[in-house]
Every structure is written in C-alpha cells, then in structure tokens.
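Participant: for reference, the sequence and a predicted model appear below.
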Amino acid sequence: MDAKFNLSDDHCSRGHYRTKLSKKVTAGLLYQSHGKSAIPLVSLSRNDGEIDGILADVPHYEHLELVDCCNGLALCKYRNSFTSPSICRFVVCNPAIRQWRIVPDTHCATDDPPCVTFLAFDPSWSPQFYVFNFHQRHHHHLILGTRKLEIFFSGCSAWLVDETWNSEITFSGRKPRLFLNGMLYLETTGHQVLAFEGLEAISNGIPPYHWTITLPDDSLYVCDFTHGCFCKSSGILHYALPDDNGRSIAVWSLDHAWHLWAWNVKCHLSMKDAFGRNDFVYYNDGGLDGESDWFWNCDYRIVALDLDRKLLLLFDQKTDNLLLYDISTGKLHEIRDSFQWPHNCYFYYVPCYSELPAQEQPSAY
C-alpha cells in the first residue's frame with residue numbers, strides 16, 4: 001500500500017471507509033463542538049442533513065482537533081495520552097477520497113499560548129500543501145505578537161523556520177483567511193490583511209515574502225465587532241462584511257494595478273429582503289463610565305461566502321440556526337437548527353478529488 005494510505009500503525013482501506021460512510025461527501029460545513037472529538041459535516045443540501053464520521057478512520061481520531069480547512073483538505077492536531085505538551089502533531093486529511101498524511105512533529109515551549117496555524121492548498125496551483133504555524137509572543141498572558149513562524153512544505157516533508165520573522169502581528173478569534181493563486185491572505189488585528197507570496201522558494205529553504213494590506217475604509221468600524229469573510233471569484237480576492245445597519249452585506253474585490261492594491265465595492269447582498277425585516281443592529285454601552293451606543297452587535301454573522309456557487313452561509317444569533325442564502329434568488333433557507341455557533345469550530349468545505357502528494361523523505365534546510 002502506498003505510504004500516504006498507511007502512515008501509522010492504524011490501517012484503513014477505501015472499501016472500509018465507503019462502507020462506514022452511508023452518505024456521499026458533499027460541500028458543506030465541517031465543524032467540531034467544544035470538548036468533542038467528532039467532526040461531522042453539515043451538507044448544504046437540505047436533503048442530506050448532517051454526515052457523521054467523515055474523519056472517523058483517520059489515525060488517532062479519538063484525539064483529533066480540527067484546526068483549519070482549505071480547498072478540500074482538513075488540518076487537524078492529534079495526540080495521545082503519552083504526547084509531550086511541548087510537541088505539536090498535525091495530520092492533513094482529504095475526506096472526499098479517504099486519504100491522510102501525517103506531518104512531522106514540531107515543537108513549542110510549554111508555557112506558550114496556543115499556536116495559530118493555517119493550511120494553504122490549491123490543487124489548481126500546485127499539488128503540494130503548506131502549513132503555517134505562528135508561535136505567539138506573550139507577556140503576563142497578553143498576546144503581543146508572534147515570536148516565530150515555521151512553515152511545513154509537503155514537497156520536502158520538512159519544517160522551515162523563518163529566521164527573519166520579527167513581527168507585532170497578532171491573530172484573534174476566527175479571522176478570515178484564503179489561499180489563492182499561490183498567495184496566502186490572513187486577516188490580523190489592526191484592520192490589516194497579511195499577504196504571503198513566493199511559496200515556491202520554500203523548497204530552496206527561502207521563506208516567503210510578506211506584506212500587509214489595509215481593509216476597506218468603510219469596513220473599519222464594523223470589523224472591530226464582528227468577523228468578515230474572504231472568498232474568491234474569477235481569481236480575485238473578495239471581502240464581505242455587514243453594513244453598519246446590518247440591512248445588507250457589502251462585498252469588496254481587491255484589485256491590483258500599477259503595483260497598487262485597491263478595494264472596490266462589487267455588490268450588496270440584501271439581508272432586509274432575505275429576513276423580511278430591517279432591525280438587525282443594536283448597541284451596548286462601553287461599561288462603567290463608557291460611551292453609550294458603543295459596542296456594535298448584529299443578529300446574524302457571516303459564516304462563509306462562495307461567490308462561484310452564489311451561496312452565503314449565515315448564523316442567526318437569535319435562533320441559533322445555520323442559514324443558507326441563495327444569491328441568485330435572494331431566498332434564505334435553514335439547513336441546521338441549534339448550531340450553537342459560539343461553541344463550535346467550523347470551516348467551509350468543498351470536496352477535492354486530487355490525491356495528496358506522496359510522502360517524501362524529510363530533508364533539512
């Protein structure tokens with residue numbers, strides 16, 4: 001059996017996996033409830049409902065932690081009762097074709113706060129994948145930036161430490177990220193988008209180049225209180241965020257000309273028409289002696305946007321329901337009730353039928 005199907009003492013076969021999964025893997029939302037090990041898939045089709053056991057045969061499933069998902073691949077941490085707290089272990093999975101690949105161990109100081117980790121993969125650009133692991137810098141439990149960046153490249157099966165990395169950049173909550181045309185975009189605190197390019201040079205031991213892009217001016221107030229969403233269309237990065245009144249969602253495109261980057265409004269998606277009302281936003285004051293009407297709150301949150309499929313996933317904070325908005329028709333449908341958004345780790349998932357790159361012997365940079 002090829003190494004990518006048998007990378008641990010656990011054994012699986014495609015036939016066994018197909019028998020165990022009674023439903024076809026479809027586009028949807030991979031999620032993991034807080035404190036749970038199961039990782040189900042909520043299908044975007046109302047007829048499919050929820051698919052259980054999508055990663056049930058991945059090695060060390062009983063200790064899997066869903067970390068990220070990118071263009072059909074899922075990144076998980078795994079451990080057992082004998083794993084040292086200073087060791088980070090990852091596995092990259094392709095649920096659609098029942099494959100996984102173990103990533104070599106990496107290490108972190110035991111007194112670190114959790115690392116922030118992202119997966120970068122796009123089969124239309126390269127069959128290889130990358131794992132970006134940011135070690136946060138802290139003082140008295142306050143996150144002050146990232147003290148180290150290490151990147152795993154599947155082509156060399158090794159981690160590269162960016163020795164030049166020295167940044168005040170921080171990540172908080174569920175900030176959006178996207179891998180497109182060989183570039184990784186990560187929203188950071190401070191209204192910035194961190195962009196990486198030149199990932200091909202990692203095979204030669206050269207870390208990728210990075211720079212920042214400021215979010216659209218019209219988004220800066222609202223993005224302090226809720227998360228936006230990245231998506232792609234026609235090979236262009238887009239950013240979506242509710243308007244300050246919540247009655248529509250603004251979608252910007254990031255255009256590049258003459259070495260300049262600029263955000264331009266592409267469209268507005270009417271939430272007033274979708275929900276049949278216009279009272280979405282309310283405010284809380286700033287606390288003791290704080291300003292009144294300071295903290296912006298909206299009854300819904302953006303979960304994912306897929307402009308190519310003309311689909312928008314929303315979470316209704318009043319009903320705890322997961323909703324699907326059809327951009328073509330303007331109709332809103334419930335696809336999952338009692339989703340308990342604050343207690344779930346979730347990622348938009350579209351199946352990929354490209355095989356994982358073969359396991360190579362680790363090399364030192």
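Facilitator: Nice, thanks for sending it over.

Participant: excluding its backbone neighbours, what's nearest Leu29?
Facilitator: Spatial nearest neighbour of Leu29, chain neighbours left out: Val42 (4.4 Å); criterion: C-beta to C-beta, 6 or more residues apart in numbering. In this view, the C-beta of every residue, glycine as well, is placed from N, C-alpha and C.

Participant: next: Gly49.
Facilitator: The spatially closest residue to Gly49, leaving aside those adjacent along the chain, is Ser43, at 6.4 Å (C-beta to C-beta, 6+ apart).

Participant: who's in contact with the one you found?
Facilitator: Counting by C-beta atoms under 8 Å, 6 or more residues apart in numbering, Ser43 touches 23, 26-28, 49-51, 335.

Participant: for ChimeraX, what selects the buried ones among those residues?
Facilitator: Buried members of these can be picked out in ChimeraX with the line below, counting by 16 or more other C-beta atoms under 10 Å:
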select :26,27,28,51,335
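
Participant: Glu200 - that's part of a strand, no?
Facilitator: No. Counting by DSSP: H, G, I helix; E, B strand; the rest coil, Glu200 is not part of a strand but helix.

Participant: look up how far Ser253 lies from it.
Facilitator: Glu200 sits 25 Å away from Ser253, going by C-beta to C-beta, to the nearest Å.

Participant: which of those two has more residues huddled nearby?
Facilitator: Shown here are Glu200 and Ser253; by other C-beta atoms under 10 Å, Ser253 has more neighbours (18 against 15).

Participant: which residues are in contact with the more buried one?
Facilitator: 233, 236-238, 263-264, 266.

Participant: state which strand of the chain is the longest.
Facilitator: When the chain is parsed with DSSP state E, its longest strand is strand 126-139.

Participant: and the most centrally placed residue in the chain, what pLDDT?
Facilitator: Closest to where the C-alpha atoms of the chain average out (C-alpha atoms, centre = their mean) is Asp68, at 4.8 Å. Looking at Asp68, its pLDDT is 95.

Participant: can you check the one 4 residues further on too?
Facilitator: The pLDDT attached to Gly72 in the predicted structure is 96.

Participant: mind checking the SS state of the residue lying closest to Trp165 once chain neighbours are set aside?
Facilitator: Nearest residue to Trp165 in three dimensions, chain neighbours excluded: Leu149, at 4.2 Å (C-beta to C-beta, 6+ apart). State at Leu149, reduced to three classes by three-state DSSP: strand.

Participant: partner residues bridging Leu149?
Facilitator: Beta-bridge partners for Leu149, by DSSP bridges, are Phe134.

Participant: quick one, what contacts it?
Facilitator: Leu149 sits in contact with 132-135, 161-162, 165, 167, 207, where contact means C-beta under 8 Å, 6+ apart.

Participant: go on, His227?
Facilitator: Each residue near His227 by C-beta under 8 Å, 6+ apart is listed here: 173-176, 301-302.

Participant: which one of those has the most neighbours?
Facilitator: Using other C-beta under 10 Å as the neighbour test, the contacts of His227 are led by Ile302, with 22 neighbours.

Participant: correct me if wrong: that residue contacts Ala240.
Facilitator: Yes. Using C-beta atoms under 8 Å, Ile302 is in contact with Ala240, at 5.9 Å.

Participant: so what sits against both of those two?
Facilitator: Common contact partners of Ile302 and Ala240 (C-beta under 8 Å, 6+ apart): 228-229, 249, 312.

Participant: what about the helices in the stretch 201-350 of the chain?
Facilitator: Secondary structure of the stretch 201-350 of the chain (DSSP state H, counting those that start in this stretch): helices at 271-275.

Participant: dig out what the nearest residue to Pro176 once chain neighbours are set aside forms beta bridges with.
Facilitator: The shortest distance from Pro176 to any non-neighbouring residue, by C-beta to C-beta, 6+ apart, is to Phe230 (4.3 Å). Taking DSSP bridges, one obtains Tyr239 as the residues bridged to Phe230.

Participant: mind listing what Phe230 touches?
Facilitator: By C-beta under 8 Å, 6+ apart, Phe230 lies in contact with 176-178, 185, 187, 237-239.

Participant: what ranges do the strands span in the stretch 151-300 of the chain?
Facilitator: 158-161, 177-180, 183-188, 192-197, 209-214, 229-233, 236-242, 248-257, 260-270, 281-284, 295-298, 300-306 (DSSP state E, counting those that start in this stretch).

Participant: quick one: closest of the ones you listed to Phe121.
Facilitator: Proximity to Phe121 (C-beta to C-beta) singles out strand 177-180 among the strands of the stretch 151-300 of the chain, at 6.5 Å.
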